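[1] Test case, fold it:
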Amino acid sequence: MMYTDPAKRALLDAILPHVAFDGWSEDAFKAAIAASDVTPDRARSLCPRGATDLAVLFHVEGDRKMKEALAEADLADLRFRDRVARALRIRLDVTEDKEAVRRGTTLFALPHLAPEGAKLMWGTADAIWTALGDTSDDVNWYTKRATLSGVWASVVLYWLGDQSVDHTATDDFIDRRIDEVMQIEKLKAKVNANPLLKPLTGPLGRLAGMVRAPAARQDFKVPGMWRKAGPR
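    From the prediction side, this is the model:
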């Protein structure tokens, strides 16, 4: 588990009441410092980008809570597509501040922060696949996470505008999006099995077979450090 300084967590707790009014802004960050026991210098060292770093932590904390909830959930009798759907629902359920997500969506839509937002979406998709026991180590490692990142992004946007009781409309939307992905996977299987397309799919398949997932990082006891992976 990634280490987070308790002072940074204190700043996150302190900023959330202000995000609904000021967004993930400099004003909100200053208010968080004033409301916490963290000194301004310490706060700036922990969060060089101010509120943006706390917005990132807010998202990462949501992923952590989701993984903890998934570890306790009984998914044994569910089809795999239903396990993915359950994971997406749990990720929404552990989000305690919907307005903070809305403001974060606006923040990470800014051009200079869009790569950071995409990274966070990818991180959620990776957390879900890893928690569900994904063992792929080839190109499928990337395609699974890229596809689920897109699904998660669309789910968040739909959920933010959902006014239905207990977000039942979002539940239905999740099911539809996953069904669409499954249709794409079935189409890919048909294409790969078509002998007329072998001259095209064969070389592409061999090229894809050369792709490998990143080596797993193994944490040392020192927070934030990991062992460099050896040759594959």
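[2] ok, which stretches of this structure are helices?
    Along the chain, counting by DSSP state H, helices occupy 6-22, 26-35, 40-46, 51-72, 80-93, 98-107, 114-131, 139-160, 168-193, 198-208.
[3] Nearest to Pro214, out of the ones you listed?
    Pro214 lies closest, by Cβ to Cβ, to one member of the helices of the chain: helix 139-160, at 8.0 Å. For glycine as for every other residue, the C-beta is placed from the backbone atoms N, C-alpha and C.
[4] Give the buried residues for the closest one.
    Within helix 139-160, the residues that count as buried by 16 or more other Cβ atoms under 10 Å are 139, 141-142, 144-145, 148-149, 151-153, 155-156, 158-159.
[5] closest to Met121 among these?
    Using Cβ to Cβ, the buried residues of helix 139-160 come closest to Met121 at Ser149, 4.5 Å.
[6] mind checking how far that closest one is from Ala43?
    Distance from Ser149 to Ala43, counting by Cβ to Cβ, to the nearest Å: 31 Å.
[7] Next: Met121.
    27 Å.
[8] ok, now Gly161?
    In this view, Gly161 and Ala43 are 34 Å apart by Cβ to Cβ.
[9] Which one's more surrounded, these two?
    More crowded of Gly161 and Ala43, by other Cβ atoms under 10 Å: Ala43, with 22 against 9.
[10] what's near enough to touch that one?
    Ala7, Leu11, Phe29, Ala32, Ile33, Ser36 (Cβ atoms under 8 Å, 6 or more residues apart in numbering).
[11] same thing but at 7 Å, please
    Counting by Cβ atoms under 7 Å, 6 or more residues apart in numbering, Ala43 makes contact with Leu11, Ile33.
[12] quick one: pLDDT of the most centrally placed residue in the chain?
    In the chain, the centroid-proximal residue (Cα atoms, centre = their mean) is Thr124; its distance is 1.6 Å. Note for Thr124: predicted pLDDT of 96.
[13] Assess the claim that it and Val151 are in contact.
    No - taking Cβ atoms under 7 Å as the definition, Thr124 is not a contact partner of Val151, at 10.2 Å.
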